[in-house]
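K.L.:
Quick one, structure for this:
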Amino acid sequence: METYKLKNVIKQQKYDLTITPFRVIYRHAERRSFMTTIENLYYGNIVPAEKGIKRGSEYSKLLNLAARNEEKLSATLTKDQKILFEKYKECCMDMYGIAELEAFVSGVKLGVNIIVETYTDSSQNFKEI
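P.N.:
Predicted coordinates for the structure are as follows:
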């Protein structure tokens, strides 16, 4: 089991979060409660899309390069071109968001299908002993 420190933004209290294959367990001095992964997703305790970026990683380097290139490009644009470029970036962000959601949904479906096959499919050649 891995333990992560989370900060509850609403109550400004610190919790220890233990992630097991089937449950997320919040531990707090005054209260212990057990929530399923689905319940934690519902309550917003698990946000798969939110991730930190490691400094020096390939993604971090590309992000920095993109930011530098955007600054250089913006410096050469007129006011109207900057407005158009902002609209373009907003469309790109919307498309990236849709693509990320679809990838997440596809991953969950694949995982569920693997679990279903594990419990329902039997070998055509062998039997359980």
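K.L.:
So Asn125: helix, strand or coil?
P.N.:
Look at Asn125: counting by DSSP: H, G, I helix; E, B strand; the rest coil, its state is coil.
K.L.:
What is the burial count for it?
P.N.:
For Asn125, the neighbour count with other Cβ atoms under 10 Å is 5. All C-beta spots, glycine's among them, are computed from the backbone N, C-alpha and C.
K.L.:
So Tyr43 sits against Met35, correct?
P.N.:
Yes. Counting by Cβ atoms under 8 Å, Met35 is a contact partner of Tyr43 at 7.3 Å.
K.L.:
and these two? which has more neighbours close in?
P.N.:
Neighbours were counted for Tyr43 and for Met35 using other Cβ under 10 Å; Met35 has more, 16 against 9.
K.L.:
That one belongs to a strand, doesn't it?
P.N.:
Yes. Checked against three-state DSSP, Met35 lies within a strand.
K.L.:
That one touches Leu41, doesn't it?
P.N.:
No. Under the criterion of Cβ under 8 Å, Met35 makes no contact with Leu41, lying 9.6 Å away.
K.L.:
hey, where'd the helices end up in the protein?
P.N.:
Secondary structure of the chain (DSSP state H): helices located at 37-43, 58-76, 79-120.
K.L.:
To Ala49, which of those lies closest?
P.N.:
Among those, helix 79-120 comes nearest to Ala49, with 6.3 Å by Cβ to Cβ.
K.L.:
now the closest one: how far from the chain's centre is it?
P.N.:
Averaged C-alpha coordinates place helix 79-120 at 11 Å from its chain's average position (Cα atoms, centre = their mean, to the nearest Å).
K.L.:
Having no further points to raise, I will conclude here.
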